[in-house]
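Enquirer: generate a structure from the sequence data that follows.
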Amino acid sequence: MVLLPQAVSLILCERASAHVVPETWSLLGIFHRRRYPAYPAPAEPLSAYSLLYDGWGEGTMELQVVRLQGGQSVYRQRRWWVLRQRFQWRHFEMKLRRCVFPERGEYLCSLCFDGRSVAERRFELF
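Expert: Residues are numbered from 1 along each chain as shown. Predicted coordinates for the structure are as follows:
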């Protein structure tokens, strides 16, 4: 049986960094709106970060970016994820590699575990 983790939020940023001591994370360049001089926007390194709580089981964690006008999927990435301990906080980061935004507008970034929604974040490109 799979129990979905609860997400505090889904945050988009330029870079997420883990620090061993004292077990903290730094998020650099957090955004919910972003400007590009021309479209399609060139691929650049971005990260999606979520703080997850609880959950149990194993399955596919999937991050998808969809352009809301027209519903075009512009990015999808999957990773096998294992949750072996209940009632624990977990940091989750997925680096978006080669994500090209075709044009300005509103987008939706979705995080799913085994096909079920965990978190979403709307953002705008202009």
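Enquirer: center of the chain, which residue is that?
Expert: Centrality entry for the chain: nearest residue to the mean C-alpha point is residue 48, 3.2 Å, by CA atoms, centre = their mean.
Enquirer: quick check: bridge partners of that one?
Expert: With DSSP bridges applied, the residues forming beta bridges to residue 48 are residue 12, residue 94.
Enquirer: one more: the one 10 residues further on?
Expert: Using DSSP bridges, the beta-bridge partners of residue 58 come out as residue 82.
Enquirer: again with residue 89
Expert: On the basis of DSSP bridges, residue 89 takes part in beta bridges with residue 53.
Enquirer: and it, how far from residue 97?
Expert: Taking CB to CB, to the nearest Å as the criterion, residue 89 is separated from residue 97 by 26 Å. In this view, the C-beta of every residue, glycine as well, is placed from N, C-alpha and C.
Enquirer: before we move on, what about residue 24?
Expert: If you measure residue 24 against residue 97 using CB to CB, the figure is 25 Å.
Enquirer: for the lowest-mean-pLDDT helix or strand in the chain, packing partners?
Expert: Between all helices and strands in the chain, the lowest mean by mean pLDDT, DSSP states H and E belongs to strand 15-19, at a mean of 91. Using 3 or more CB pairs under 8 Å, 6 or more residues apart in numbering; DSSP states H and E as the contact definition, the elements that strand 15-19 packs against are strand 24-28, strand 46-53, strand 89-96.
Enquirer: would you mark the buried spots in the second one?
Expert: Applying a neighbour-count criterion of 16 or more other CB atoms under 10 Å, one finds 46, 47, 48, 49, 50, 51, 52 buried in strand 46-53.
Enquirer: in JSON lines: those residues, plus pLDDT and distance to residue 29.
Expert: Converted to JSON lines, these look like this (pLDDT from 0 to 100; distance: CB to CB, whole Å):
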{"residue": "46", "pLDDT": "97", "distance to residue 29": "9"}
{"residue": "47", "pLDDT": "97", "distance to residue 29": "9"}
{"residue": "48", "pLDDT": "98", "distance to residue 29": "13"}
{"residue": "49", "pLDDT": "97", "distance to residue 29": "11"}
{"residue": "50", "pLDDT": "97", "distance to residue 29": "16"}
{"residue": "51", "pLDDT": "96", "distance to residue 29": "18"}
{"residue": "52", "pLDDT": "96", "distance to residue 29": "22"}
